[in-house]
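Enquirer: Need a 3D model of the sequence below.
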Amino acid sequence: MTTPDPLALMHEHAFDIRINFDKRWSTGPIYGGAQLGYTSVGVGSMVEGPLLNGQLVDYSGADWPVVRADGVVELNAHYMIRADDGALIYIRNLGYVHRPLRTQGQGPDDPPDVPAYFRCTPYFKAPEDGPHAWLNRTVIVGVAVRKPHVTPDDPPDHSLFRYYAIR
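Expert: Numbering: from 1, shown residues only. Modelled structure (predicted):
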């Protein structure tokens with residue numbers, strides 16, 4: 001029998017989050033030519049998956065991204081999840097997007113078959129006892145895609161995140 005490679009990376013799909021957005025704004029230039037943004041969580045945001053289900057608490061937080069002069073977006077989001085069993089779980093989500101979200105596959109220089117690099121690492125504060133305690137001690141990584149509201153027939157402005165537990 002062979003011993004598993006202790007350095008092999010194993011992952012498991014944990015859950016998906018659809019975040020509907022409410023308000024957006026950005027400041028003028030700050031340090032190094034960057035801009036500070038604000039995007040608040042709106043209503044109807046859902047959490048679904050094999051390891052966690054529920055919804056985001058309406059208006060419970062926002063992303064405060066820094067859009068750097070080189071076009072890289074540094075994500076810094078904070079909000080609350082209400083699990084199906086009623087447990088409240090805080091999430092802080094940090095990550096990077098390698099080009100402006102609003103042009104992802106939509107602009108003349110953005111081929112639709114080449115999505116933006118949109119990756120994140122969430123950190124959780126879940127109840128110490130109970131079924132969600134695993135979130136407090138598991139490394140989770142996420143991939144995401146932005147879905148802007150462009151035409152009247154489009155769903156509301158939102159992003160879709162898929163999270164993986166690293167085992």
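
Enquirer: quick one: the strands in this structure?
Expert: With DSSP state E as the criterion, the chain has strands at 11-29, 35-41, 46-48, 54-56, 62-63, 66-67, 73-83, 88-97, 118-125, 140-147, 158-166.

Enquirer: TSV for those strands, including mean pLDDT and distance to Thr2?
Expert: Yep, even glycine has a C-beta here, placed from its N, CA and C like the rest. What follows is the strands of the chain, written out as TSV (pLDDT from 0 to 100; distance: least, C-beta to C-beta, whole Å):
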stretch	mean pLDDT	distance to Thr2
strand 11-29	92	21
strand 35-41	94	47
strand 46-48	98	37
strand 54-56	98	40
strand 62-63	96	44
strand 66-67	94	46
strand 73-83	97	39
strand 88-97	97	36
strand 118-125	97	31
strand 140-147	93	27
strand 158-166	95	22
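
Enquirer: Dump those to a markdown table, plus mean neighbour count.
Expert: Below are these laid out as a markdown table (neighbours: other C-beta atoms under 10 Å):
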| stretch | mean neighbour count |
| --- | --- |
| strand 11-29 | 16 |
| strand 35-41 | 18 |
| strand 46-48 | 17 |
| strand 54-56 | 21 |
| strand 62-63 | 20 |
| strand 66-67 | 19 |
| strand 73-83 | 19 |
| strand 88-97 | 18 |
| strand 118-125 | 17 |
| strand 140-147 | 19 |
| strand 158-166 | 18 |
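
Enquirer: Distance to Met1 added to these, as a markdown table?
Expert: Shown next, in a markdown table, are these (distance: least, C-beta to C-beta, whole Å):
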| stretch | distance to Met1 |
| --- | --- |
| strand 11-29 | 23 |
| strand 35-41 | 49 |
| strand 46-48 | 38 |
| strand 54-56 | 41 |
| strand 62-63 | 47 |
| strand 66-67 | 50 |
| strand 73-83 | 39 |
| strand 88-97 | 39 |
| strand 118-125 | 34 |
| strand 140-147 | 30 |
| strand 158-166 | 25 |
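
Enquirer: With respect to Trp134, which of these lies nearest?
Expert: Closest to Trp134 of those is strand 158-166 (C-beta to C-beta; 7.9 Å).

Enquirer: For the closest one, which outside residues touch it?
Expert: Applying C-beta atoms under 8 Å, 6 or more residues apart in numbering, the contact partners of strand 158-166 are 9-21, 45, 49, 51, 101, 118, 120, 122, 134, 138-147.

Enquirer: one more time with 7 Å, if that's ok
Expert: 9, 11-21, 51, 122, 138-147 (C-beta atoms under 7 Å, 6 or more residues apart in numbering).

Enquirer: export it as CSV, just CAs?
Expert: Only the C-alpha atoms of strand 158-166 are listed here, as CSV (Å, rounded to 0.1, in the frame of the first residue of the first chain):
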residue,chain,number,x,y,z
HIS,A,158,-24.4,40.3,-8.7
SER,A,159,-21.4,38.1,-8.3
LEU,A,160,-21.3,34.3,-8.1
PHE,A,161,-18.7,32.7,-5.8
ARG,A,162,-17.8,29.0,-5.6
TYR,A,163,-15.9,28.0,-2.4
TYR,A,164,-13.7,25.0,-1.9
ALA,A,165,-12.6,23.6,1.4
ILE,A,166,-8.9,22.6,1.3
